[in-house]
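quick one, structure for this:
(4 chains)
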There are 2 protein chains.
Amino acid sequence: METIVDNQKVRITKKLEKMFAHIDYKNPPALCPVRDVMSVASDQWSTLIILWLAYFDTLRFNKLKKYVYGISNKVLSQRLKALEADGYLKREAFPEVPIRVEYSLTEFGHSYVERLLELTEWMQKNSPKVLANREQYGLQ
Amino acid sequence: METIVDNQKVRITKKLEKMFAHIDYKNPPALCPVRDVMSVASDQWSTLIILWLAYFDTLRFNKLKKYVYGISNKVLSQRLKALEADGYLKREAFPEVPIRVEYSLTEFGHSYVERLLELTEWMQKNSPKVLANREQYGLQ
DNA sequence: CATATTGGTTACTTTTAGTAACTTACTCTA
DNA sequence: TAGAGTAAGTTACTAAAAGTAACCAATATG
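The predicted structure follows:
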(Lines give C-alpha, C1' and ligand atoms only; values in the text may rest on other atoms or scores of the structure.)
Protein backbone atom coordinates (compact mmCIF):
# COMPACT_ATOMS: atom_id res chain seq x y z
CA MET A 1 0.00 0.00 0.00
CA GLU A 2 2.78 2.34 0.96
CA THR A 3 4.58 1.62 -2.27
CA ILE A 4 1.55 2.56 -4.35
CA VAL A 5 1.34 5.91 -2.62
CA ASP A 6 5.09 6.34 -3.01
CA ASN A 7 4.93 5.49 -6.69
CA GLN A 8 2.28 8.10 -7.15
CA LYS A 9 4.41 10.68 -5.40
CA VAL A 10 7.33 9.85 -7.63
CA ARG A 11 5.12 10.16 -10.69
CA ILE A 12 3.90 13.57 -9.59
CA THR A 13 7.40 14.74 -8.78
CA LYS A 14 8.53 13.73 -12.25
CA LYS A 15 5.71 15.66 -13.86
CA LEU A 16 6.51 18.72 -11.80
CA GLU A 17 10.15 18.47 -12.73
CA LYS A 18 9.29 18.24 -16.39
CA MET A 19 7.17 21.33 -15.99
CA PHE A 20 9.44 23.49 -13.88
CA ALA A 21 13.02 22.25 -13.92
CA HIS A 22 13.90 24.26 -17.03
CA ILE A 23 12.50 27.54 -15.76
CA ASP A 24 15.02 30.15 -14.73
CA TYR A 25 13.03 32.43 -12.50
CA LYS A 26 15.80 35.03 -12.58
CA ASN A 27 15.26 35.33 -16.33
CA PRO A 28 11.59 34.59 -16.73
CA PRO A 29 10.31 34.42 -20.31
CA ALA A 30 8.33 37.51 -21.26
CA LEU A 31 5.70 35.39 -22.93
CA CYS A 32 5.01 31.96 -21.51
CA PRO A 33 2.98 29.88 -23.97
CA VAL A 34 1.52 27.67 -21.27
CA ARG A 35 0.18 30.64 -19.35
CA ASP A 36 -1.14 32.12 -22.53
CA VAL A 37 -2.96 28.96 -23.58
CA MET A 38 -4.21 28.40 -20.07
CA SER A 39 -5.69 31.87 -19.84
CA VAL A 40 -8.05 31.11 -22.71
CA ALA A 41 -8.93 27.48 -22.12
CA SER A 42 -9.06 27.44 -18.33
CA ASP A 43 -11.03 30.63 -17.99
CA GLN A 44 -14.18 29.96 -16.04
CA TRP A 45 -16.67 30.79 -18.77
CA SER A 46 -14.62 28.93 -21.38
CA THR A 47 -14.66 25.83 -19.23
CA LEU A 48 -18.44 25.90 -19.00
CA ILE A 49 -18.85 26.57 -22.72
CA ILE A 50 -16.60 23.67 -23.63
CA LEU A 51 -18.31 21.24 -21.26
CA TRP A 52 -21.81 22.10 -22.45
CA LEU A 53 -20.68 21.70 -26.04
CA ALA A 54 -19.23 18.32 -25.12
CA TYR A 55 -22.55 17.36 -23.58
CA PHE A 56 -24.75 18.48 -26.49
CA ASP A 57 -22.38 18.11 -29.43
CA THR A 58 -23.89 21.13 -31.18
CA LEU A 59 -25.45 24.26 -29.75
CA ARG A 60 -26.63 27.57 -31.13
CA PHE A 61 -25.66 30.89 -29.61
CA ASN A 62 -28.81 31.51 -27.63
CA LYS A 63 -29.14 27.93 -26.42
CA LEU A 64 -25.56 27.97 -25.23
CA LYS A 65 -26.26 31.22 -23.43
CA LYS A 66 -29.10 29.56 -21.57
CA TYR A 67 -27.04 26.61 -20.42
CA VAL A 68 -24.02 28.70 -19.50
CA TYR A 69 -26.43 30.74 -17.45
CA GLY A 70 -25.25 34.11 -16.21
CA ILE A 71 -22.96 34.83 -19.13
CA SER A 72 -23.61 37.97 -21.16
CA ASN A 73 -23.86 38.18 -24.94
CA LYS A 74 -20.68 40.17 -25.00
CA VAL A 75 -18.55 37.76 -23.03
CA LEU A 76 -20.04 34.68 -24.69
CA SER A 77 -19.24 36.17 -28.06
CA GLN A 78 -15.70 37.02 -26.98
CA ARG A 79 -15.04 33.58 -25.52
CA LEU A 80 -16.44 31.78 -28.53
CA LYS A 81 -14.14 33.76 -30.81
CA ALA A 82 -11.10 33.05 -28.62
CA LEU A 83 -11.93 29.35 -28.35
CA GLU A 84 -12.48 29.14 -32.09
CA ALA A 85 -9.19 30.90 -32.75
CA ASP A 86 -7.35 28.49 -30.48
CA GLY A 87 -8.90 25.53 -32.24
CA TYR A 88 -11.18 24.11 -29.56
CA LEU A 89 -14.44 24.68 -31.41
CA LYS A 90 -15.81 25.49 -34.82
CA ARG A 91 -18.49 27.92 -35.84
CA GLU A 92 -20.86 27.19 -38.71
CA ALA A 93 -23.21 29.88 -39.97
CA PHE A 94 -26.23 29.02 -42.13
CA PRO A 95 -27.51 31.88 -44.24
CA GLU A 96 -31.13 31.51 -43.23
CA VAL A 97 -33.38 34.22 -41.87
CA PRO A 98 -32.96 34.72 -39.07
CA ILE A 99 -29.42 33.46 -39.30
CA ARG A 100 -28.57 30.14 -37.68
CA VAL A 101 -25.14 29.60 -36.16
CA GLU A 102 -24.00 26.30 -34.76
CA TYR A 103 -21.09 25.75 -32.44
CA SER A 104 -19.44 22.42 -31.83
CA LEU A 105 -16.14 21.08 -30.52
CA THR A 106 -13.30 20.12 -32.82
CA GLU A 107 -11.36 16.90 -32.31
CA PHE A 108 -8.82 18.99 -30.47
CA GLY A 109 -11.56 20.38 -28.26
CA HIS A 110 -12.74 16.87 -27.48
CA SER A 111 -9.23 15.83 -26.49
CA TYR A 112 -9.14 18.77 -24.10
CA VAL A 113 -12.49 17.81 -22.59
CA GLU A 114 -11.04 14.48 -21.47
CA ARG A 115 -8.55 16.26 -19.24
CA LEU A 116 -10.86 19.04 -18.23
CA LEU A 117 -13.50 16.62 -16.99
CA GLU A 118 -11.04 15.07 -14.55
CA LEU A 119 -10.69 18.44 -12.94
CA THR A 120 -14.31 19.52 -12.90
CA GLU A 121 -15.31 16.11 -11.62
CA TRP A 122 -12.92 16.60 -8.73
CA MET A 123 -14.41 20.06 -8.15
CA GLN A 124 -17.90 18.67 -8.07
CA LYS A 125 -16.94 15.94 -5.65
CA ASN A 126 -14.97 18.23 -3.37
CA SER A 127 -16.95 21.44 -3.43
CA PRO A 128 -18.73 20.61 -0.13
CA LYS A 129 -15.38 20.13 1.52
CA VAL A 130 -14.10 23.43 0.16
CA LEU A 131 -17.19 25.29 1.28
CA ALA A 132 -16.84 23.74 4.74
CA ASN A 133 -13.18 24.76 4.89
CA ARG A 134 -14.08 28.27 3.87
CA GLU A 135 -16.75 28.59 6.52
CA GLN A 136 -14.41 27.33 9.21
CA TYR A 137 -11.77 29.81 8.11
CA GLY A 138 -14.30 32.63 8.30
CA LEU A 139 -15.00 31.85 11.95
CA GLN A 140 -11.39 32.31 13.01
CA MET B 1 -9.03 -0.35 -31.38
CA GLU B 2 -12.38 1.09 -32.29
CA THR B 3 -13.91 -0.33 -29.13
CA ILE B 4 -11.31 1.34 -26.95
CA VAL B 5 -12.14 4.71 -28.47
CA ASP B 6 -15.84 3.94 -28.12
CA ASN B 7 -15.41 2.96 -24.48
CA GLN B 8 -13.68 6.22 -23.82
CA LYS B 9 -16.52 8.12 -25.44
CA VAL B 10 -19.03 6.30 -23.29
CA ARG B 11 -17.00 7.07 -20.19
CA ILE B 12 -16.87 10.76 -21.06
CA THR B 13 -20.57 10.86 -21.82
CA LYS B 14 -21.31 9.35 -18.44
CA LYS B 15 -19.19 11.92 -16.69
CA LEU B 16 -20.91 14.72 -18.55
CA GLU B 17 -24.30 13.32 -17.67
CA LYS B 18 -23.38 13.12 -14.03
CA MET B 19 -22.29 16.71 -14.21
CA PHE B 20 -25.12 18.23 -16.19
CA ALA B 21 -28.18 15.97 -16.27
CA HIS B 22 -29.60 17.40 -13.06
CA ILE B 23 -29.26 21.05 -14.07
CA ASP B 24 -32.45 22.85 -14.96
CA TYR B 25 -31.25 25.77 -17.01
CA LYS B 26 -34.66 27.40 -16.78
CA ASN B 27 -34.22 27.59 -13.02
CA PRO B 28 -30.48 27.98 -12.62
CA PRO B 29 -29.19 27.97 -9.06
CA ALA B 30 -28.22 31.43 -7.89
CA LEU B 31 -25.05 30.09 -6.32
CA CYS B 32 -23.37 27.12 -7.97
CA PRO B 33 -20.79 25.57 -5.63
CA VAL B 34 -18.77 24.10 -8.46
CA ARG B 35 -18.41 27.48 -10.18
CA ASP B 36 -17.57 29.06 -6.88
CA VAL B 37 -14.86 26.53 -6.02
CA MET B 38 -13.53 26.61 -9.56
CA SER B 39 -13.17 30.38 -9.53
CA VAL B 40 -10.66 30.15 -6.70
CA ALA B 41 -8.73 27.00 -7.51
CA SER B 42 -8.63 27.26 -11.30
CA ASP B 43 -7.73 30.90 -11.40
CA GLN B 44 -4.54 31.36 -13.36
CA TRP B 45 -2.40 32.70 -10.55
CA SER B 46 -3.76 30.14 -8.09
CA THR B 47 -2.80 27.36 -10.45
CA LEU B 48 0.78 28.58 -10.63
CA ILE B 49 1.00 29.09 -6.87
CA ILE B 50 -0.26 25.59 -6.18
CA LEU B 51 2.07 23.96 -8.68
CA TRP B 52 5.17 25.75 -7.40
CA LEU B 53 4.25 24.78 -3.86
CA ALA B 54 3.88 21.20 -5.02
CA TYR B 55 7.32 21.38 -6.59
CA PHE B 56 9.11 22.93 -3.60
CA ASP B 57 7.01 21.67 -0.70
CA THR B 58 7.53 24.87 1.28
CA LEU B 59 8.06 28.42 0.07
CA ARG B 60 8.17 31.81 1.68
CA PHE B 61 6.26 34.79 0.34
CA ASN B 62 9.07 36.45 -1.55
CA LYS B 63 10.45 33.22 -3.00
CA LEU B 64 6.99 32.28 -4.22
CA LYS B 65 6.67 35.68 -5.79
CA LYS B 66 9.88 35.09 -7.73
CA TYR B 67 8.78 31.73 -9.09
CA VAL B 68 5.27 32.88 -9.88
CA TYR B 69 6.90 35.68 -11.78
CA GLY B 70 4.76 38.60 -12.81
CA ILE B 71 2.39 38.39 -9.88
CA SER B 72 2.07 41.44 -7.65
CA ASN B 73 2.29 41.47 -3.87
CA LYS B 74 -1.35 42.39 -3.69
CA VAL B 75 -2.66 39.59 -5.84
CA LEU B 76 -0.29 37.01 -4.36
CA SER B 77 -1.47 37.97 -0.91
CA GLN B 78 -5.12 37.77 -1.97
CA ARG B 79 -4.72 34.41 -3.65
CA LEU B 80 -2.81 32.92 -0.74
CA LYS B 81 -5.57 33.95 1.61
CA ALA B 82 -8.29 32.52 -0.62
CA LEU B 83 -6.39 29.27 -1.13
CA GLU B 84 -5.77 28.99 2.59
CA ALA B 85 -9.43 29.62 3.33
CA ASP B 86 -10.47 26.93 0.87
CA GLY B 87 -8.09 24.46 2.45
CA TYR B 88 -5.50 23.98 -0.28
CA LEU B 89 -2.57 25.37 1.63
CA LYS B 90 -1.47 26.33 5.10
CA ARG B 91 0.38 29.38 6.31
CA GLU B 92 2.86 29.20 9.14
CA ALA B 93 4.30 32.40 10.61
CA PHE B 94 7.44 32.34 12.73
CA PRO B 95 7.83 35.31 15.06
CA GLU B 96 11.40 36.09 14.08
CA VAL B 97 12.77 39.39 12.96
CA PRO B 98 12.15 39.98 10.20
CA ILE B 99 9.13 37.70 10.26
CA ARG B 100 9.31 34.42 8.40
CA VAL B 101 6.18 32.98 6.82
CA GLU B 102 6.09 29.58 5.18
CA TYR B 103 3.46 28.33 2.80
CA SER B 104 2.89 24.69 1.94
CA LEU B 105 0.15 22.52 0.52
CA THR B 106 -2.24 20.59 2.71
CA GLU B 107 -3.13 16.98 1.98
CA PHE B 108 -6.20 18.33 0.25
CA GLY B 109 -4.03 20.62 -1.83
CA HIS B 110 -1.85 17.69 -2.85
CA SER B 111 -4.89 15.71 -3.93
CA TYR B 112 -5.87 18.64 -6.12
CA VAL B 113 -2.42 18.83 -7.65
CA GLU B 114 -2.79 15.32 -9.00
CA ARG B 115 -5.72 16.40 -11.13
CA LEU B 116 -4.38 19.81 -11.93
CA LEU B 117 -1.14 18.40 -13.31
CA GLU B 118 -3.04 16.34 -15.87
CA LEU B 119 -4.41 19.55 -17.25
CA THR B 120 -1.29 21.67 -17.18
CA GLU B 121 0.68 18.81 -18.69
CA TRP B 122 -1.79 18.77 -21.55
CA MET B 123 -1.41 22.54 -21.89
CA GLN B 124 2.34 22.28 -22.04
CA LYS B 125 2.20 19.54 -24.64
CA ASN B 126 -0.39 21.30 -26.77
CA SER B 127 0.53 24.93 -26.49
CA PRO B 128 2.45 24.91 -29.79
CA LYS B 129 -0.63 23.56 -31.53
CA VAL B 130 -2.83 26.21 -29.96
CA LEU B 131 -0.45 28.99 -30.92
CA ALA B 132 -0.35 27.64 -34.47
CA ASN B 133 -4.15 27.51 -34.59
CA ARG B 134 -4.33 31.06 -33.34
CA GLU B 135 -1.91 32.34 -35.93
CA GLN B 136 -3.79 30.59 -38.73
CA TYR B 137 -7.05 32.10 -37.50
CA GLY B 138 -5.48 35.54 -37.48
CA LEU B 139 -4.63 35.26 -41.16
CA GLN B 140 -8.21 34.68 -42.22
C1' DC C 1 -47.43 48.49 -40.43
C1' DA C 2 -45.96 46.96 -35.89
C1' DT C 3 -43.78 42.91 -33.81
C1' DA C 4 -40.84 39.00 -33.34
C1' DT C 5 -36.76 36.36 -34.53
C1' DT C 6 -31.25 35.18 -34.17
C1' DG C 7 -26.75 36.37 -33.33
C1' DG C 8 -24.51 39.40 -32.28
C1' DT C 9 -22.37 44.80 -31.36
C1' DT C 10 -21.94 49.17 -28.87
C1' DA C 11 -21.75 52.62 -25.19
C1' DC C 12 -21.69 52.91 -20.45
C1' DT C 13 -20.96 51.40 -15.54
C1' DT C 14 -18.97 48.44 -12.15
C1' DT C 15 -15.69 45.21 -10.67
C1' DT C 16 -11.22 43.35 -10.74
C1' DA C 17 -6.32 43.47 -11.58
C1' DG C 18 -1.88 45.74 -11.78
C1' DT C 19 1.65 49.43 -10.01
C1' DA C 20 4.28 51.51 -6.85
C1' DA C 21 4.93 53.62 -2.65
C1' DC C 22 4.45 52.79 2.20
C1' DT C 23 4.41 50.15 6.88
C1' DT C 24 6.15 47.55 11.05
C1' DA C 25 9.61 46.21 14.09
C1' DC C 26 13.89 44.95 14.72
C1' DT C 27 19.02 44.36 13.30
C1' DC C 28 23.16 45.46 11.31
C1' DT C 29 26.53 48.96 9.66
C1' DA C 30 28.99 53.37 9.64
C1' DT D 1 23.26 56.94 17.19
C1' DA D 2 21.47 58.02 12.61
C1' DG D 3 20.65 55.39 8.41
C1' DA D 4 19.84 51.57 5.76
C1' DG D 5 18.09 46.94 5.20
C1' DT D 6 14.76 43.12 5.54
C1' DA D 7 10.21 40.11 5.19
C1' DA D 8 5.67 40.13 4.51
C1' DG D 9 2.49 42.30 3.52
C1' DT D 10 -1.09 46.85 2.94
C1' DT D 11 -2.84 50.95 0.70
C1' DA D 12 -4.07 54.44 -2.72
C1' DC D 13 -4.25 55.01 -7.39
C1' DT D 14 -4.73 53.66 -12.38
C1' DA D 15 -5.76 50.49 -16.12
C1' DA D 16 -8.09 46.69 -17.87
C1' DA D 17 -11.77 43.51 -17.92
C1' DA D 18 -16.46 42.15 -17.13
C1' DG D 19 -21.36 43.05 -16.65
C1' DT D 20 -25.74 45.72 -18.35
C1' DA D 21 -28.86 47.09 -21.35
C1' DA D 22 -30.09 49.16 -25.46
C1' DC D 23 -29.54 48.64 -30.31
C1' DC D 24 -28.91 46.51 -35.19
C1' DA D 25 -29.96 43.88 -39.74
C1' DA D 26 -33.07 41.28 -42.56
C1' DT D 27 -37.09 39.04 -43.01
C1' DA D 28 -41.60 36.60 -41.60
C1' DT D 29 -45.84 36.87 -39.36
C1' DG D 30 -50.20 38.89 -37.54
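
spell out which parts of chain A neighbour DNA strand C.
Residues of chain A lying close to DNA strand C (C-beta under 7 Å from any atom of the strand) are A:60-63, A:73-74, A:77, A:80, A:91, A:97-102. To be clear about C-beta, it is placed using only N, CA and C from the backbone, and glycine gets the same treatment.

of all these, which two lie farthest apart?
Spanning the widest gap among the residues of chain A next to DNA strand C are A:74 and A:97, at 23.9 Å by C-beta to C-beta.

returning to what we had before: can you select the buried ones among the residues of chain A next to DNA strand C for me in ChimeraX?
Here is the ChimeraX selection string for the buried members of those, based on 16 or more other C-beta atoms under 10 Å in any protein chain shown:
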select /A:61,80,101,102
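
and of the residues of chain A next to DNA strand C, the nearest to residue B:55?
Of all the residues of chain A next to DNA strand C, the one sitting nearest residue B:55 is residue A:80; the distance, using C-beta to C-beta, is 34.7 Å.

longest helix of chain A?
Counting residues, the longest helix found in chain A (DSSP state H) is helix A:107-139.

can you list the buried residues in the helix or strand of chain A with the lowest mean pLDDT?
Among the helices and strands of chain A, helix A:2-20 carries the lowest confidence by mean pLDDT, DSSP states H and E, at a mean of 90. Across helix A:2-20, burial judged by 16+ other C-beta under 10 Å covers A:12, A:15-16, A:19.

what is the helix or strand following it packed up against?
For helix A:2-20, the following helix or strand on the C-terminal side (DSSP states H and E) is helix A:33-41. Under the contact criterion of 3 or more C-beta pairs under 8 Å, 6 or more residues apart in numbering or on different chains; DSSP states H and E, helix A:33-41 touches helix A:44-56, helix A:73-85, helix B:44-56, helix B:107-139.

out of those, nearest to residue A:130?
Residue A:130 lies closest, by C-beta to C-beta, to one member of the helices and strands packed on helix A:33-41: helix B:107-139, at 8.4 Å.

what's around the residue in chain A that DNA strand D sits nearest to, how many residues?
Going by C-beta to the nearest atom of the strand, DNA strand D is nearest to residue A:72 of chain A, at 3.1 Å. Neighbour count for residue A:72, taken as other C-beta atoms under 10 Å in any protein chain shown: 10.

what's the answer for residue A:46, then?
22.

pLDDT weak spots in chain A?
A:1-2 (pLDDT under 70).

try 90 this time
For chain A, applying pLDDT under 90 flags the ranges A:1-6, A:25-31, A:96-97, A:138-140.

how about the residues of it by DNA strand D?
Contacts of chain A with DNA strand D, taken as C-beta under 7 Å from any atom of the strand, map to A:43, A:45, A:71-75, A:78, A:97-98.

now residue A:117. Nearest residue, chain neighbours left out?
Closest residue to residue A:117 in three dimensions, ignoring its sequence neighbours and counting by C-beta to C-beta, 6 or more residues apart in numbering or on different chains: residue B:15, at 5.0 Å.

kindly apply the preceding question to residue A:88 instead.
Excluding the flanking residues, the one nearest residue A:88 by C-beta to C-beta, 6+ apart is residue A:109, at 3.9 Å.

so that neighbour sits right up against residue A:49, yeah?
No. Applying C-beta atoms under 8 Å, one finds residue A:109 not in contact with residue A:49, separated by 10.0 Å.

list residues touching both of these two?
Both residue A:109 and residue A:49 are contacted by A:83, A:89, under the criterion C-beta atoms under 8 Å, 6 or more residues apart in numbering or on different chains.

which one of the two has more residues nearby?
Between residue A:109 and residue A:49, counted using other C-beta under 10 Å, the more crowded position is residue A:49 (25 against 21).
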